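Engineer: Predicted coordinates and the sequence they were generated for:
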Amino acid sequence: MEAIKKDLNKAQQEAVLNYSGPALVIAGAGSGKTRVLTYRIAYLLHKGFAPQKIIALTFTNKAANEMKGRIAQLVSPNLAKRLWMGTFHSIFARILRNEAGILGFPNNYTIYDTIDSKSLVKTIIRELNLDDRIYKPSEVFGRISSAKNNLITPDVYTNSQEIQAKDQFSRRPQLGEIYRRYVVRCKQYGAMDFDDLLLNTNLLFRDHPDILEKYRNAFDFILVDEYQDTNYSQYLIVKKLAELHKNICVVGDDAQSIYSFRGARIENILNFKNDYPDYRLFKLEQNYRSTRNIVGAANSVISKNREQISKSVFSKNETGEKILVVKAQDDREEGFMVAKYIADLRFRDQLEYRNFAVLYRTNAQSRIFEESMRRMNIPYKVYGSLSFYQRKEIKDLLAYFRLTVNPRDDESLRRIINYPLRGIGKTTVDRITVLADKLNVTMWDVLLHLEQINPGFNAGTVRKLMDFTSMLLNFQSKLMHMEAFDLAYEITRDSGILDELRSDGTPENISRYENVEELLNGIKDFTDNYEGEGEMTLSEYLQNVTLMTDADNESEDDINKVSIMTVHSAKGLEFRNVIIAGMEEELFPSNMNIDNPKDLEEERRLFYVALTRAEKSALITYAASRYRWGLQTSCSPSRFINEIDPGYLILPPDFYPVQDKWRDRDTDIDAFTSLRKRVQPAVSVTKPVQDGKRPVNMASSDPGFRQSSLEEIREGMKVEHPRFGIGIVEKLEGSLPNTKATVGFPAGRKQLLLKFAKLRVVR
């Protein structure tokens, strides 16, 4: 392939062309990891290997789709389409759909997301009459998830003296029973959660050697992306599949292993050499993303870690600016400094908002930056907030879809049996639940056989239940005969959801209606671009949508906005300008991880990931004080700032007392002063202290802000709000002085009472 010589450097070419046997590709940040994986697969296809004999595992659908698209360009769309390429969960879900009957599941099993799973856990806790303040559903589900990812089944869990002792110590001795019931109930409902897709694949291969042999022979080549992020369950499946041909290529970077809290094990990549002694090691060390200063700074930090595979990451890009470190007096000032910095740099360099990202250690830190962005009229997107697919109206409609595909799904049935309202109350639902448990059947079985079971409901209740059942039977009868979009629209209409959302014209309901419309648009897009045989069914759509990650769901509206997110969410992304905020001891690194050397090394890797997201510039901020649990607490700069070679930094003068080792102080102070002048609005935004107190309300940068008279404000006018910035008056309702205005701001549409809104007309 001519493209290999043209598009890849020498190290990348070696990793692509040497395709036989076990291979470990260590790819430094920005070194073209995905490109190597893509070209390696394309080269295998070019050499004549069958696409269906190649399995490639990723962590996001987005990564898989991008690679598949590029492979289609390099080789052929027909070959790319036949690859076994996708996320761990989607590929293993595909295997399990083929073999589900062996494990006692239907082939059309439902996949529960985290909210569904927690809901079921909550139901079981209530059934056992346990205190949900002690048995918190989120914590209990986390315990179950951890057990599954370590291949601990309910029997092993309850028979382990060590596990039982831990549960007794935590005053939760019934955790094992909850876990057992949860597994039984999922099987009864024909459902698997995300962790089951891994656990059940392991159980399938462990208990059915013939099935394992079938898939070992099915795949000649195995490729794994982001291998440092694999957990024990994923590691074991890959190892089992690779035992026959040993043509396994894993790509990753131990320096970017940051997901141990999800069960990821850095040992998987560090010990690859032990699993495959005859492996070949390829190092991708040229960073194509960042300036030399950023790469050098990141290298100087990560070099402090002891547990790592040695590599020398370098950049041939421009030297770039030094990293500016800025101190704020408190977290409020930090928020304004960051917002001003973005506004100034965007204006100075004529940049887009999407060129900026604000990264921080914990989700709670987003609030101050959101407030600052709104006040400065800067559009932003918070990653990790409520996903589109977790919104109530979307979950409700998906529950109808799921119940159409799999009527055994009691969680979905409970969710929508009385939505929209059809007069089926909680007492009725509880009685159906009790009957189902007593007869050891699903709630759907009870509904199907109401007359035979004779539960004692009055005639009106029986009629309502039978109408509901008839409606679902009608949907189910069309499952295999209608395209996904057509059936989805019919369900949305005939279930009464559309009428329900149309009936109330509040902004909240309008937003819900628009979300439902967007879901249907998404289904239409799926069906129009379906590459399988025949028409795409609702069942196939559900399998795709349930396995989506947040990274796969970015809409067009989110593209030109400042990205605000935790460092964990930023993994795999890159931005022209990055601000790393809250760089203080006990915040970053987290106070929970300071005392354990292994945890501290992961915190350092997390900072390395943050720094290497930047292409052109990086700004590091920290606060001298910060509110914690309502108390103003003094803070000190993070040790990670101290660990960066000072030659890559511009430090504030009062940073120096922290350490005495800094050299060239006068030179650095001059550089700091020079750069500070250039971005003066970014670092000098605090108002004068009055009466010894810092002003609390810093919403408007204009001290002379005066609201316009209510009579002046008309629909279509441009107005300014002291908190939300500049917007357009879209609608006025009611008479003065109680007129209500709907105003579209960059941060979203707001409804405001004019007499309280303090709007000023912008001429």
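Structural biologist: Received the coordinates, thanks. Bear in mind that the values here come from a model prediction, so they are computed numbers and not experimental data. Numbers count the residues shown, from 1 in each chain.
Engineer: Do a quick rundown of the helices in the stretch 451-600 of the chain.
Structural biologist: Using DSSP state H, counting those that start in this stretch, the helices of the stretch 451-600 of the chain run over residues 459-477, 484-494, 497-502, 507-528, 538-546, 567-570, 597-611.
Engineer: now these as CSV including mean neighbour count?
Structural biologist: In this view, the C-beta of every residue, glycine as well, is placed from N, C-alpha and C. Converted to CSV, those look like this (neighbours: other Cβ atoms under 10 Å):
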stretch, mean neighbour count
helix 459-477, 15
helix 484-494, 19
helix 497-502, 17
helix 507-528, 16
helix 538-546, 20
helix 567-570, 20
helix 597-611, 21
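Engineer: The residue sitting furthest away from the middle of the chain and Leu465, how far apart?
Structural biologist: Computed with Cα atoms, centre = their mean, the residue of the chain farthest from its C-alpha average is Ala459, at 47.6 Å. Per Cβ to Cβ, to the nearest Å, Ala459 is found 11 Å from Leu465.
Engineer: Ok, Thr404 next?
Structural biologist: 17 Å.
Engineer: now Gln234
Structural biologist: Taking Cβ to Cβ, one finds Gln234 at 43 Å from Leu465.
Engineer: Ser495 too?
Structural biologist: 15 Å.
Engineer: Point out where the stretch 601-750 of the chain drops to low pLDDT.
Structural biologist: In the predicted model, the stretch 601-750 of the chain carries pLDDT under 70 at residues 628-631, 654-705, 746-748.
Engineer: Check the helices of the stretch 451-600 of the chain for me: which has the lowest mean pLDDT.
Structural biologist: Among the helices of the stretch 451-600 of the chain, helix 507-528 carries the lowest mean pLDDT, a mean of 79.
Engineer: Now do it: distance to the chain's middle.
Structural biologist: Distance of helix 507-528 from its chain centroid, counting by Cα atoms, centre = their mean, to the nearest Å, is 21 Å.
Engineer: and if you look at stretch 225-232?
Structural biologist: Stretch 225-232 has its C-alpha centroid displaced from the chain centroid by 16 Å (Cα atoms, centre = their mean).
Engineer: buried stuff in it?
Structural biologist: 225-232 (16 or more other Cβ atoms under 10 Å).
Engineer: quick one, strands of the stretch 601-750 of the chain?
Structural biologist: Assigned by DSSP state E, counting those that start in this stretch, the stretch 601-750 of the chain shows strands spanning 614-623, 625-628, 631-634, 649-650, 718-721, 725-733, 740-745, 748-753.
Engineer: scratch that, the stretch 101-250 of the chain is what I was asking about
Structural biologist: All strands of the stretch 101-250 of the chain, identified by DSSP E, counting those that start in this stretch, fall at 110-112, 191-193, 221-224, 248-252.
Engineer: Of the ones you listed, which stretch is the most buried?
Structural biologist: strand 248-252 (a mean of 26; mean count of other Cβ atoms under 10 Å).
Engineer: so what's the backbone phi/psi at Asn287?
Structural biologist: phi -90, psi 120 (degrees, to the nearest 10).
Engineer: which ones are touching it?
Structural biologist: Asn287 makes contacts with 28-31, 295, 313-315, 317, 612, as judged by Cβ atoms under 8 Å, 6 or more residues apart in numbering.
Engineer: what about 7 Å?
Structural biologist: By Cβ atoms under 7 Å, 6 or more residues apart in numbering, the contact set of Asn287 is 28-31, 295, 313-315.
Engineer: Other residues contacting stretch 521-531?
Structural biologist: 81, 483-485, 488, 536, 541, 544.
Engineer: With distance to Gly48 as added columns, please give those residues in a markdown table.
Structural biologist: Formatted as a markdown table, the contacts of stretch 521-531 follow (distance: Cβ to Cβ, whole Å):
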| residue | distance to Gly48 |
| --- | --- |
| Lys81 | 17 |
| Glu483 | 36 |
| Ala484 | 36 |
| Phe485 | 38 |
| Ala488 | 41 |
| Met536 | 31 |
| Tyr541 | 34 |
| Asn544 | 30 |
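Engineer: Looking at the residues you listed, which is nearest Glu733?
Structural biologist: Proximity of those to Glu733 (Cβ to Cβ) peaks at Ala488, which lies at 34.0 Å.
Engineer: My guess is that closest one contacts Leu520. True?
Structural biologist: Yes. Applying Cβ atoms under 7 Å, one finds Ala488 in contact with Leu520, separated by 6.2 Å.
Engineer: Overlap of the contact sets of the two?
Structural biologist: Common neighbours of Ala488 and Leu520 are not found (criterion: Cβ under 7 Å, 6+ apart).
Engineer: gap between Phe219 and Glu243?
Structural biologist: From Phe219 to Glu243 the distance is 11 Å (Cβ to Cβ).
Engineer: Dump the helices of the stretch 451-600 of the chain into CSV; add distance to Ser412 as well.
Structural biologist: Output for those, formatted as CSV (distance: least, Cβ to Cβ, whole Å):
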stretch, distance to Ser412
helix 459-477, 10
helix 484-494, 12
helix 497-502, 14
helix 507-528, 16
helix 538-546, 11
helix 567-570, 29
helix 597-611, 37
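Engineer: Tell me which of these sits nearest to Asp207.
Structural biologist: That would be, of the helices of the stretch 451-600 of the chain and by Cβ to Cβ, helix 538-546, which comes in at 24.1 Å.
Engineer: what's in contact with that closest one?
Structural biologist: The list of residues contacting helix 538-546 from outside it, by Cβ under 7 Å, 6+ apart, reads 93, 108, 111, 113, 389, 401-402, 404-405, 479, 484, 487-488, 523, 526.
Engineer: Which strand residues bridge the spatially closest residue to Phe724 that is not a sequence neighbour?
Structural biologist: Distances taken as Cβ to Cβ, 6 or more residues apart in numbering place Phe745 nearest to Phe724, at 4.2 Å, with adjacent residues excluded. According to DSSP bridges, the partner residues bridging Phe745 are Gly748.
Engineer: surely Phe745 meets Arg723?
Structural biologist: No. Phe745 is beyond contact range of Arg723, at 9.2 Å (criterion: Cβ under 7 Å).
Engineer: avg pLDDT for stretch 287-295?
Structural biologist: Here the average pLDDT along stretch 287-295 is 96.
Engineer: go on, stretch 410-425?
Structural biologist: Here the average pLDDT along stretch 410-425 is 92.
Engineer: Mind checking which of Phe745 and Arg723 has more residues around it?
Structural biologist: Between Phe745 and Arg723, counted using other Cβ atoms under 10 Å, Phe745 has the larger neighbour count: 19 against 15.
Engineer: how near is the more buried one to Ile378?
Structural biologist: For Phe745, the distance to Ile378 - Cβ to Cβ - is 11 Å.
Engineer: Please, where are all the helices along the stretch 651-763 of the chain?
Structural biologist: Using DSSP H, counting those that start in this stretch, the helices of the stretch 651-763 of the chain run over residues 665-678, 680-683, 754-757.
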